[in-house]
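Undergrad: from the sequence below, what's the structure:
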Amino acid sequence: MEKLIIEGTAKTPTINFDPASGKLELKGRSIPENSIDFYQPLVDALEEYAKSPKPQTEVNIQLEYFNTSSSKCILDVFKKLEDIKNNGSQVTIKWYYEEDDEDMLEAGEDYQAIINIPFEMIEIDEE
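TA: Numbering: from 1, shown residues only. Coordinates of the predicted model:
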């Protein structure tokens with residue numbers, strides 16, 4: 001499987017998924033014109049990866065902001081990861097948020113309540 005690398009823009013996050021190492025990174029702002037189109041390559045890649053995942057998959061999410069349509073797509077990504085976990089692989093999600101960003105912390109907690117994957121909330125200093 002090939003790596004999936006999508007360079008971030010002012011409206012879209014950087015996506016870096018390396019199936020060989022089992023690492024996924026999502027970083028930046030997520031306010032694309034069409035969230036479904038933007039996230040589809042990642043959802044497809046995770047579906048393919050789920051057929052033979054690594055024993056451990058590590059997910060790092062560091063979003064500054066995301067809009068409502070992105071939140072649904074991010075949930076779809078988490079559901080694919082939950083399928084991988086349910087099939088016997090270990091999946092951990094590290095959710096990074098800036099120290100004063102209560103909204104981003106709450107968003108992570110909301111996802112954690114929905115998805116059966118351990119989340120690690122990591123506070124970072126504002127840049």
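Undergrad: who's in contact with the longest helix along the chain?
TA: The helix that spans the most residues within the chain, counting by DSSP state H, is helix 68-86. Residues outside helix 68-86 that contact it (C-beta atoms under 8 Å, 6 or more residues apart in numbering): 26, 30-32, 35-36, 38-39, 42-43, 46-47, 49-50, 53, 57, 59, 61, 66, 91, 93, 107, 111, 114-117. C-beta: built from backbone N, CA, C; applies to glycine.
Undergrad: what does stretch 24-38 give?
TA: 6, 8, 10-18, 42, 46, 57-67, 69-70, 72-74, 77.
Undergrad: dump it to CSV, restricted to CA.
TA: C-alpha atoms of stretch 24-38 as CSV (Å, rounded to 0.1, in the frame of the first residue of the first chain):
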residue,chain,number,x,y,z
LEU,A,24,-1.9,8.6,10.6
GLU,A,25,-1.5,12.3,11.1
LEU,A,26,-4.1,15.0,10.6
LYS,A,27,-3.0,18.5,11.2
GLY,A,28,-4.2,22.1,10.5
ARG,A,29,-7.6,23.6,9.6
SER,A,30,-10.4,21.7,8.1
ILE,A,31,-12.9,23.9,6.3
PRO,A,32,-12.8,22.4,2.7
GLU,A,33,-15.4,23.4,0.1
ASN,A,34,-16.5,19.8,0.0
SER,A,35,-15.5,17.8,3.0
ILE,A,36,-16.7,14.4,1.7
ASP,A,37,-14.6,14.8,-1.5
PHE,A,38,-11.6,15.9,0.6
